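Student: Quick one, what's the 3D model for this:
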Amino acid sequence: MKSGDLAVDLAAAFDASPNPYVLLTPDLRIAGANQAYLDVTSSTRDAIVGRPLFAAFDSGPGEEAPENVRQVKASLEKARDGRKRDHLALVRFSIPRAAPHGEPVMEERFWSATHTPILDASGEVVWLLQHTTDITELELLRNRMATPETASSTSALDAMIGGNVLERARIVQEDNLRLASERNRLVDMFMQAPGFVAVLAGPDHVFQFYNEAYRRLIGHRDVEGRPVAEALPEVEGQGYIDMLDSVFETGEPVQGKASLVRFQREPGAEPDSAYVDFIYQPIRDADGRIVGVFVQGHDVTDVVMAAERQKLMIDELNHRVKNTLATVQSIAIQTARSHLDPRTFAEGFQARLLALSHTHDLLTRSHWEGADLGDILQHETAAHGVHRVTLNGPPIALEPAAALSFGMIFHELATNAAKYGALSAPDGRVLVDWTVANQAGRTLHLTWREVGGPPVRPPEGRGFGSRLIERNVRHDLAGEVKLDYASDGFSADFSIPLDRGTLS
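Tutor: Now for the predicted structure:
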């Protein structure tokens, strides 16, 4: 027999069947119906084919109509989405009938329905076949015989016509609806849970279910129905599949805290690191056999990273405190050597600590990322009058250690100018100019020049200020400085490399 002849014969058999059938598309539109279906629904092919099922048949205007429609639709969708046949033992669904006066009226009927998905070669649903049986007369007869007056004398007949069977079917259907509702609530709870959840089936750990938190964790990939090794190939070699194997084979749970796992969240991208708290637990069937693994946990990446940042901050703070204490100790020793009188020692020591504090304030504002050279100069010279100190140069970002060194240097220069130099005279001024040369290996050139002050005499010996400046420039900044005590005004020329990396 040719395939074309077979198709014709099947179509003829479909139409000749005494059982009502309607063929639906996956979006629940009527694709075809046999004659028995047209007869039982009092409809024609032209009137219903191509229309949505619940537009052609909506169960009428009654209060129960929406629930009747919902039951039929839910059963169809369950068969379609689960790719398995679904049954409705009993459903009340009204259909239009022609009244004697010609106007259609809705007639209440009782139905038993079976919904069967029809799959293509790839396993996708291409059609849904609805087979319905009109059991209205049977249900009405059973109800009439269920009155108190006739119950005792008709119980045998009631059983013969199927009343008890129908009642049991109704109870089973109601239980199934209740269980389905509870299952849906449980699924909704898992889907909305803040932690990630997944159910893996069989020894290959096939994804049966996973919630939105798990989907976010793995980069919004569709992994349902696929083994872990295939769906998440990047986790092989990280130990997690071995742990799943162990749980499935031994039944012993496995737990991890802040475990590092790497997921390839974008196609072709390098895997990202994540830290998770998790537990793998065995899933057992009614006989106690292990059939899968339940995965539950939380993405704690933010917590782990915050703890690492806190540790780095504490380590950095300890480093800075040690450096600061070393600086304070050096200031105290050098100041004590230059000031034998306790009062003058206290004044000099306090002034230098304030200079150090000023630079700390600037660094704190930038979260210790650095400070601008001009801001440090302005901070250290502001007390002597903004109009007496002229600052001229481009913005230059200094790293924290360099900023602290420059703060101490500019404090010593300003203090010396106020005591002995240009700022000690009414008309004296300080001019500070700086530029950056050689952009490939940037070098700061800065000149501190005093004018209008008293005649300058070279110092008889090297004081604390000059020693501090030279030590900071050569040791901390790896630069050079030239101090010039010309009679018409003191000047200092600095040459400092700016690209030495982070100074400690």
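
Student: any idea how far the longest strand seen in the chain is from the chain center?
Tutor: Across the chain, the longest stretch assigned as strand under DSSP state E is strand 272-284. Averaging C-alpha positions (CA atoms, centre = their mean, to the nearest Å) puts strand 272-284 17 Å from its chain's average.

Student: Flag every buried residue along that strand.
Tutor: Within strand 272-284, the residues scored as buried using 16 or more other CB atoms under 10 Å are 274-278, 280-283. (C-beta placed from N, C-alpha, C; glycine too.)

Student: what's the farthest-apart pair in these?
Tutor: Distances among the buried residues of strand 272-284 were taken as CB to CB; the most separated pair is 275 and 283, at 25.6 Å.

Student: circling back: which one among the buried residues of strand 272-284 gets closest to residue 293?
Tutor: Using CB to CB, residue 280 is the member of the buried residues of strand 272-284 that lies nearest residue 293, at 5.4 Å.

Student: from memory the closest one sits against residue 241, does it?
Tutor: No. Applying CB atoms under 8 Å as the test, residue 280 and residue 241 come out as separate, 10.8 Å apart.

Student: From the contact counts, what lies against the longest strand of the chain?
Tutor: Strand 272-284 sits against helix 240-250, strand 254-263, strand 290-299, helix 301-338, with contacts defined as 3 or more CB pairs under 8 Å, 6 or more residues apart in numbering; DSSP states H and E.

Student: between these, which gets the lowest average pLDDT?
Tutor: Of all the helices and strands packed on strand 272-284, helix 301-338 carries the lowest average pLDDT, namely a mean of 66.

Student: can you pull the pLDDT of the spatially most central residue of the chain?
Tutor: For the chain, the residue nearest the mean C-alpha position is residue 216 (6.0 Å; CA atoms, centre = their mean). The model reports residue 216 with a pLDDT of 89.

Student: If you count neighbours, what's buried in the strand or helix carrying it?
Tutor: Following DSSP states H and E, one finds residue 216 within helix 212-217. The neighbour-count check on helix 212-217 (16+ other CB under 10 Å) flags 213-215, 217 as buried.

Student: For residue 383, list the residues it contacts.
Tutor: residue 414 (CB atoms under 8 Å, 6 or more residues apart in numbering).

Student: so it sits in a strand?
Tutor: No. Under the criterion used here (DSSP: H, G, I helix; E, B strand; the rest coil), residue 383 is helix, not part of a strand.

Student: what's the spacing between it and residue 414?
Tutor: In this view, residue 383 and residue 414 are 8 Å apart by CB to CB, to the nearest Å.

Student: Show me the domain layout of this structure.
Tutor: What the record gives for the chain is the domain set 3-134, 193-299, 306-497, from automatic domain parsing.

Student: mean confidence for stretch 22-39?
Tutor: pLDDT averaged over stretch 22-39 gives 91.

Student: contacting residues around that stretch?
Tutor: Residues contacting stretch 22-39 (CB under 8 Å, 6+ apart): 14-21, 43-45, 48-54, 56, 73, 76, 80, 125-130, 132.

Student: Hmm, residue 395 is touching residue 375, no?
Tutor: No. Contact between residue 395 and residue 375 fails when scored by CB under 8 Å: they sit 9.0 Å apart.

Student: More neighbours: which of the two?
Tutor: Higher neighbour count among residue 395 and residue 375: residue 375, with 17 against 8, using other CB atoms under 10 Å.

Student: Check the secondary structure at that one for me.
Tutor: Following three-state DSSP, residue 375 is assigned to helix.

Student: low-confidence ranges in this structure?
Tutor: Along the chain, the model assigns pLDDT under 70 to residues 1-8, 98-102, 137-191, 193, 313-368, 461-464, 500-504.

Student: which residues does residue 295 form a beta bridge with?
Tutor: Here residue 295 sits in beta bridges with residue 198, residue 280, going by DSSP bridges.

Student: who's in contact with it?
Tutor: Residues in contact with residue 295 (CB under 8 Å, 6+ apart) are 196-200, 214, 278-280.

Student: Could I get those residues in TSV, plus columns for distance to residue 259?
Tutor: Shown next, in TSV, are the contacts of residue 295 (distance: CB to CB, whole Å):
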residue	distance to residue 259
196	13
197	17
198	15
199	20
200	17
214	15
278	7
279	11
280	11
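
Student: Which strands and helices lie in contact with the helix holding residue 216?
Tutor: Packed against helix 212-217 by the contact rule (3+ CB pairs under 8 Å, 6+ apart) you find strand 196-201, strand 290-299.

Student: can you give me how far the first one is from the chain middle?
Tutor: Once both centres are worked out by CA atoms, centre = their mean, strand 196-201 turns out to sit 19 Å from its chain's centre.

Student: what do you get for the longest one?
Tutor: Distance, stretch centre to chain centre, for strand 290-299: 20 Å (CA atoms, centre = their mean).

Student: Count the neighbours of residue 479 for me.
Tutor: 21.

Student: quick one: it and residue 470 touch, right?
Tutor: No. Judged on CB under 8 Å, residue 479 makes no contact with residue 470 at a distance of 10.3 Å.

Student: intersection of neighbour lists for the two?
Tutor: Common neighbours of residue 479 and residue 470 are not found (criterion: CB under 8 Å, 6+ apart).

Student: and the helix holding residue 216, C-alpha only, in PDB?
Tutor: The C-alpha trace of helix 212-217 is given here as PDB (Å, rounded to 0.1, in the frame of the first residue of the first chain):
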ATOM      1  CA  GLU A 212      16.100  30.900  39.000                       C
ATOM      2  CA  ALA A 213      18.900  31.400  41.500                       C
ATOM      3  CA  TYR A 214      20.700  28.300  40.000                       C
ATOM      4  CA  ARG A 215      20.000  29.700  36.500                       C
ATOM      5  CA  ARG A 216      21.700  33.000  37.500                       C
ATOM      6  CA  LEU A 217      24.600  31.100  39.000                       C
END
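
Student: List of residues touching that helix?
Tutor: In contact with helix 212-217 (CB under 8 Å, 6+ apart) are residues 191-198, 221, 263, 274, 276, 295, 299.

Student: what about 7 Å?
Tutor: 191, 193-198, 263, 274, 299 (CB atoms under 7 Å, 6 or more residues apart in numbering).

Student: Save these as JSON lines, and put in distance to residue 409 too.
Tutor: Conversion of the contacts of helix 212-217 to JSON lines gives the following (distance: CB to CB, whole Å):
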{"residue": "191", "distance to residue 409": "63"}
{"residue": "193", "distance to residue 409": "60"}
{"residue": "194", "distance to residue 409": "54"}
{"residue": "195", "distance to residue 409": "56"}
{"residue": "196", "distance to residue 409": "56"}
{"residue": "197", "distance to residue 409": "61"}
{"residue": "198", "distance to residue 409": "62"}
{"residue": "263", "distance to residue 409": "51"}
{"residue": "274", "distance to residue 409": "47"}
{"residue": "299", "distance to residue 409": "49"}
